[in-house]
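Colleague: no sequence on hand, only this structure:
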């Protein structure tokens, strides 16, 4: 399989199983947020709720695209993704998966709704920083631009979730005449049919968007494994013909030939030189080729490396205000680079299916601990119909918007913050359970530093043996 040595193939399988295990844990860890409101308001029986949520998580993964997945992949420096040494790839993905799973299982055991997203991203950042300590890294650490976007999304979303839920509760109190929705649900009776339908709809939306956002993180994780361990086979999208990128390559070269480097600073001149080096590499690979079969498998890795380095340098160069290019040339340049990235930014349908099944099945297992925290312990009162519906509606909207922009967001943080907002809207800040809020906040604060340290340490340990 893939022409790998037996022990490398075994390690690849173990890494894929570990990635599926991460998504499985993610399922019962994060998706408990989606079913908590329908269970605690008696809108659905627990087993119906988790099966329903698992199904919509499955659908969300399959239809969510790959924008968030690629955002996860490119948190790591380009240099670490273009290393043909499979053992280095195993060290990278093994460290980040193990660190993320350890944190997820630990917080689940104590019933704390911490974020699987933060755990995975913290692990990736830890590996990236640890990689920068190695001699061959040349100081490359983390793609801080992408990391900044990611962290901003993870930080801002809970704040919006908290604030918008308070506003939503205010509007409901102001304009909804039926005050039964603000009362504690009867322990054995389901809510009125219209409330029940709203709660089921919001549960469905949160489950679907959780799958489309968190599922993509799993897709990105598996692509990191495949690219890191089997780069020749997964370096490029095998459904596309690499020779078709030659028109885009020609456009990039034409634009670069218009650049007068005399007026540029030393940094920008080096970027132009690096871009021309990568375009020359691609020209050399494509020279004399008329059929994709004429491209040796090993050249696919070279093409991927050239495209990623080309995009990396181009992004930095076009950010320079001193670059002497017209708006038309800039658009042509950017569009051509974007088209070339379609050859590297992809995920096979089998990967999406693996993640969808892992996340969907995980949703149906082990959900009780987190559900109890969400439903009973964040506030000092039992969750009402209005609180459940408004919290999930806001959470679904926040997750959906971030997914459209290709940004990872924490379902746990958004929904927990929304639940807290609904409690505050009901009876003020004193309605929150201070001890549980402190525990959750502590778990949130510790997630990044702990997973970064753990993943970085494991990476350096594994690299010492490769």
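Modeller: Received it, and whenever you're ready, just let me know what you need. Treat the numbers as computed from the prediction; the structure is a model and nothing was measured.
Colleague: and the helices in the stretch 151-300 of the chain, which stretches?
Modeller: For the stretch 151-300 of the chain, the helices defined by DSSP state H, counting those that start in this stretch occupy 193-229, 231-234, 246-257, 266-286, 297-318.
Colleague: for those, which has the smallest mean pLDDT value?
Modeller: Averaged per stretch, pLDDT over the helices of the stretch 151-300 of the chain is lowest on helix 231-234, reaching a mean of 80.
Colleague: give me the angle between whichever strand or helix holds residue 148 and helix 297-318.
Modeller: Here residue 148 is covered by helix 144-175, with elements defined by DSSP states H and E. Angle, helix 144-175 to helix 297-318, by axes from the mean of the first three to the mean of the last three Cα atoms, to 10 degrees: 70 degrees.
Colleague: one step back: please work out which of the helices of the stretch 151-300 of the chain is packed deepest.
Modeller: Neighbour counts (mean count of other Cβ atoms under 10 Å) averaged over each of those peak at helix 193-229, with a mean of 24. C-beta coordinates here come from the backbone N, C-alpha and C atoms, glycine included.
Colleague: for the helix holding residue 148, name the packing helices and strands.
Modeller: helix 67-73, helix 116-132, helix 385-404, helix 411-427 (3 or more Cβ pairs under 8 Å, 6 or more residues apart in numbering; DSSP states H and E).
Colleague: so which of those comes closest to residue 181?
Modeller: helix 385-404 (4.3 Å; Cβ to Cβ).
Colleague: would you mind getting the angle between that closest one and helix 193-229?
Modeller: Going by the same axes, to 10 degrees, helix 385-404 makes 30 degrees with helix 193-229.
Colleague: average model confidence for helix 385-404?
Modeller: What helix 385-404 shows for mean pLDDT is 85.
Colleague: do stretch 37-52 as well
Modeller: 80.
Colleague: over to stretch 124-142?
Modeller: On average, stretch 124-142 scores 76.
Colleague: equivalent analysis for stretch 168-181, please.
Modeller: The average pLDDT for stretch 168-181 rounds to 82.
Colleague: quick check: buried residues in that stretch?
Modeller: Neighbour-count burial for stretch 168-181, counted by 16 or more other Cβ atoms under 10 Å, picks out 168, 169, 172, 181.
Colleague: compute the inter-axis angle for the helix or strand containing residue 9 and helix 193-229.
Modeller: Applying DSSP H and E as the criterion places residue 9 in helix 6-30. Relative orientation of helix 6-30 and helix 193-229, computed by the same axes, to 10 degrees: 160 degrees.
Colleague: and helix 6-30, what other elements does it pack with?
Modeller: Counting by 3+ Cβ pairs under 8 Å, 6+ apart, helix 6-30 packs on helix 86-109, helix 116-132, helix 193-229, helix 349-363, helix 411-427.
Colleague: quick one: which of these is nearest residue 274?
Modeller: helix 116-132 (19.2 Å).
Colleague: helices or strands up against that closest one?
Modeller: Helix 116-132 packs on helix 6-30, helix 67-73, helix 86-109, helix 144-175, helix 193-229, helix 411-427, helix 434-464, going by 3+ Cβ pairs under 8 Å, 6+ apart.
Colleague: turn those into CSV, including distance to residue 387.
Modeller: As requested, those are exported to CSV (distance: least, Cβ to Cβ, whole Å):
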stretch, distance to residue 387
helix 6-30, 20
helix 67-73, 29
helix 86-109, 24
helix 144-175, 7
helix 193-229, 11
helix 411-427, 4
helix 434-464, 16
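Colleague: okay, those, which one's buried deepest?
Modeller: Mean neighbour count (mean count of other Cβ under 10 Å) peaks for helix 411-427 among those, with a mean of 26.
Colleague: so how far is stretch 110-129 off the chain centroid?
Modeller: 11 Å (Cα atoms, centre = their mean, to the nearest Å).
Colleague: so what does residue 241 have for phi and psi?
Modeller: phi -90, psi 110 (degrees, to the nearest 10).
Colleague: now it: closest residue in space, sequence neighbours ignored.
Modeller: residue 292 (4.9 Å; Cβ to Cβ, 6 or more residues apart in numbering).
Colleague: give me phi/psi at residue 410?
Modeller: Dihedral angles for residue 410 - degrees, to the nearest 10 - are phi -90, psi 110.
Colleague: residues contacting the closest residue to it other than its chain neighbours?
Modeller: Counting by Cβ to Cβ, 6+ apart, residue 410 lies nearest to residue 115, which is 3.7 Å off, once chain neighbours are set aside. For residue 115, the contact set (Cβ atoms under 8 Å, 6 or more residues apart in numbering) comprises 30, 154, 410, 411, 412, 413, 444, 447.
Colleague: need the per-residue pLDDT for the residue lying farthest from the centre of the chain.
Modeller: With distances taken as Cα atoms, centre = their mean, the residue sitting farthest from the centre of the chain turns out to be residue 262, at 41.5 Å. Model confidence at residue 262, given as pLDDT, is 78.
Colleague: can you pull the contacts of residue 357?
Modeller: 20, 58.
Colleague: which other residues reach the helix or strand containing residue 329?
Modeller: Here residue 329, judged by DSSP H and E, is contained in helix 327-341. Helix 327-341 has contacts (Cβ under 8 Å, 6+ apart) with 245, 248-249, 251-252, 255-256, 258, 307, 310-311, 314, 318, 323, 325.
Colleague: okay if I get the helices and strands packed on helix 6-30 as TSV plus distance to residue 72?
Modeller: Shown next, in TSV, are the helices and strands packed on helix 6-30 (distance: least, Cβ to Cβ, whole Å):
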stretch	distance to residue 72
helix 86-109	10
helix 116-132	7
helix 193-229	3
helix 349-363	12
helix 411-427	15
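Colleague: tell me which of these sits nearest to residue 177.
Modeller: helix 193-229 (12.6 Å).
Colleague: okay, angle between the helix holding residue 9 and helix 349-363 too, please.
Modeller: Using the same axes, to 10 degrees: helix 6-30 against helix 349-363 is 50 degrees.
Colleague: name the next helix or strand downstream of helix 6-30, please.
Modeller: helix 32-40.
Colleague: between helix 193-229 and that next one, find me the angle.
Modeller: Here helix 32-40 points in a direction 160 degrees away from that of helix 193-229 (the same axes, to 10 degrees).
Colleague: please consider this matter closed, and thank you.
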